[in-house]
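> missing the sequence, but the structure's below:
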């Protein structure tokens, strides 16, 4: 079972703790008998009551692996599992709910959950609180042994008979295996599922034969059309475009916009628009970036190709274009989630980041950000790399002032995910607010033409003036989820919603 | 101090032991303060009495790093260190001897030692027995915690300010960082030394910033002219050519010479000639190899370029041509020493090997091989990957019947390094001998024109007829070195030579 760490959040400063790394327990083999046809037999041979099992979410809503494996686990009557995937996507929701109802799954740790699963957990149906961790926080928890994975089931678009695999060839390509590399390295047992057995030895080997116990041939690991879909559309929404333009202004007028700067823009529609504006600004000012980080999209790999970005450090690709670029461009380096964002190693990429653009469901007057629960208190989000990348020198939250009848800028967020101390600028369609602790940024940005600067309280009042104040949510006493900060302390809890 | 494992060798069968992997203890950092000018200060800050320190030997006799670091360690008066490099090359000998005399080094584990250091240790001057381990055995010992490295000093031809580094760019390039990757992953403290600080982030990152504590800028890490020199000359010696031709005949007439076969040829003059003959045979028979393994030379990378070999799995490059090929050919995959040969992981490359050609100082009538001590009992060799690669389906020892006045084929080897059970064929200039346990190979090879087949006893008698029988060596009771088999059992001991 996943180990709980119930120290309360105190500071965004990580300091220099001494960490004894965890390591897997393995059974040595020459590997000549790894290739298997029967997933049912491998599930039976590896998964026992009370274990921690894991999956990755690189297939996103095109994932066939999770449901295949979970179907067998439920049907085999296995109980009391801790489910520890890198995240849970919508296509997994039905089976997770069924597994909870069957007593198969009694603990979950994930980056997020959405849709009916979020509602189900918010209604108190899981025995123990979910632990939500950022991508960097999950890496940390695995590396220090707080998450001890017994069996990892990892889908890959190619593998050889010994388990050398990557995310770049085959039908169901997704590019970087960044999150799954943690499981491959630290799980006691690693089961690869693939629909594409390739000649031995398969290279490049992101996952290595030295890490893999079984390679199971299945019909199809994923739906290529749904792997890259969803978040990566290019916006035409005037409000989003305005926000994107303002974000770009904030970046280019900040002291960080200079030769060799670095950035993470993410994958929302506005984020893609930011990348487009940023490209033009880089051309106009003859500035090149040292690296782009994070979940990668084609607009970012285009910058690499164009020479505007020297390196891409790639933990995840959001579209097929980005995945293909990783295959062909040696300057797009695959990185694992530890390298991306584990605060307890010898230097994560996020700690080198100049500028990051992040989203928010809510942001409050302390600059605390919620990306996990709706304003009705129901779980419907994911931390992703939010807390992690907020360590950048300038962390920008890009969000509309209101969404429909709901305020985004609020007096207090429903759930604190990323502490206000790590947020520097909020960009909305009506103007920006700068964290008062960043007087340097206030000085740099207060006189930019066309960008009104408000206090965060003023923005909150503007939002309230449009949509009014929300009714307080009614909760029971039951805790349904805990939010870990990236260092493993607990930054907030989510209670069961009443009714 | 290095932990001793004194179980005696029993079998070449590895079986399926359960292994709890070791893991480093680290101090977390964002990495902003890693780049240092003063090696002396870093040595002082990291190395304490009684620690285990390590180095790699990829610079071979062009290495400047070892002496730089060891000079400071001796001068700082540090005592009782265990020296655990991947191997010791001749350029390190003087300083190792000085360190032993100063009480700075009291334990050594290495793949080998030669020259005056071998004589010095054989004369009983080191406090405790050296433990000789194969490259795979060292990886195993590190991974299971028998070698616990406190500080690794790793020279690299390039690194960025956070420690991302590879062996492929810069003046002192050597290609694969294979052996050093173990130290980077498992040492508690990792100190990189480089003469070439490159822009951040440096890719490809064979060693990653997440693993590195300090990056120290030095004048020069190695002498480019001496890194690739030595073993990789191309022979013109008629006896070596005859042996090489016979080795090629043995391979091509064996059942293993077929599409997708795999091989490791090594780096001796005869080995390079084998590669040349093998190339022609592959062309003649329209056969392509799935992979070539081991220490890689330009003749092998030429086969890759030509398409005769599909992949090269590269733990070490013996010349600049091979190093350059790794940089430009994506099918030349860098592998660490664990992937190469740790018997206690989930499948090492050596276990997939069809054919390997290995050398011998001595081979006896039980097919036991000595690559460690001279016939005078003095240490003058290295295990390298000898024991590891001998797990191939067909292990060929290529060796002259006699060398000068010394027999190579002997009644009993001076030191057993690789057990006869894993040796299949001995090739000499007068003919071959096949291990009687391989009746299949005897059947396949007994009627090849121009290749006389003898018993190993017959070859031993032929050698004795030429050079006579050697005088027995006189030893004291003091054990100066232990030879570990790849699984950590002790296969032989070397005693102090009398006088």
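Good, I have the coordinates. Every value quoted in this text rests on a predicted model; they were computed, and no experiment measured them.
> tell me the SS of the residue of the stretch 201-350 of chain A found nearest chain B?
Per CB to the nearest CB, residue A:347 is where the stretch 201-350 of chain A lies closest to chain B, at 2.6 Å. Just so you know, the C-beta spots here come from the backbone N, C-alpha and C atoms, and that holds for glycine as well. Classification of residue A:347 by DSSP: H, G, I helix; E, B strand; the rest coil places it in coil.
> repeat for the one 4 residues further on
The assignment at residue A:351 comes out as helix when based on three-state DSSP.
> Any chance you could list what contacts stretch A:62-69?
Contact with stretch A:62-69 is made by A:39, A:43, A:55, A:57, A:59, A:85, A:89, A:91-92, A:94-95, A:153-155, A:172, A:193, A:218, A:220-227, A:229, as judged by CB atoms under 8 Å, 6 or more residues apart in numbering or on different chains.
> on that earlier part again, the residue of the stretch 201-350 of chain A closest to chain B and residue B:209 touch, don't they?
Yes: between residue A:347 and residue B:209 there is a contact under CB atoms under 8 Å: 4.5 Å.
> give the contact list for residue A:12.
A:390-391, A:419, A:421-422, A:485.
> Let me know the pLDDT of it.
pLDDT for residue A:12: 97.
> isn't there a helix covering it?
No: using three-state DSSP, the assignment for residue A:12 is coil, not a helix.
> coming back round to it: so for residue A:347 and residue B:209, which sits in the more crowded spot?
A direct count of neighbours by other CB atoms under 10 Å in any protein chain shown for residue A:347 and residue B:209 places residue B:209 higher, at 29 against 25.
> is it true that that one touches residue B:184?
No: assessed by CB under 8 Å, residue B:209 is found out of contact with residue B:184, at 10.6 Å.
> returning to what we had before: now do the shared contacts for residue A:347 and residue B:209.
Common neighbours of residue A:347 and residue B:209, counting by CB under 8 Å, 6+ apart, are B:31, B:162-163.
> buried subset of those residues?
If you count burial by 16 or more other CB atoms under 10 Å in any protein chain shown, the buried members of the shared contacts of residue A:347 and residue B:209 come out as B:31, B:162-163.
> Helix, strand, or coil at residue A:287?
Three-state call for residue A:287 (three-state DSSP): coil.
> Just the buried residues from the contacts of stretch A:62-69, in PyMOL please.
Of these, the buried ones go into a single PyMOL selection, burial set by 16+ other CB under 10 Å:
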select buried, chain A and resi 39+43+55+57+59+85+89+91+92+95+153+154+155+172+193+218+220+221+222+223+224+226+227+229
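> From the contacts of stretch A:62-69, which land in strands?
Within the contacts of stretch A:62-69, residues falling in strands by DSSP state E are A:153-155, A:193.
> who touches the nearest residue in space to residue A:352 that is not next to it in sequence in this structure?
Closest residue to residue A:352 apart from its sequence neighbours, by CB to CB, 6 or more residues apart in numbering or on different chains: residue A:262 at 6.4 Å. Residue A:262 sits next to A:289-293, A:352-355 when contact means CB under 8 Å, 6+ apart.
> returning to that earlier point: closest to chain B out of the ones in strands among the contacts of stretch A:62-69?
For the ones in strands among the contacts of stretch A:62-69, the residue nearest chain B by CB to the nearest CB is residue A:154; the value is 13.6 Å.
> quick one: residue A:21 and residue A:144 touch, right?
Yes: if you go by CB under 8 Å, residue A:21 and residue A:144 touch, sitting 6.8 Å apart.
> what is in contact with the two at once?
Common contact partners of residue A:21 and residue A:144 (CB under 8 Å, 6+ apart): none.
> ok, residue A:371 to chain B distance?
Here residue A:371 is placed at a distance of 23 Å from chain B (CB to the nearest CB, to the nearest Å).
> Is that residue in contact with residue A:417, as I believe?
Yes: counting by CB under 8 Å, residue A:371 does reach residue A:417; the two are 5.2 Å apart.
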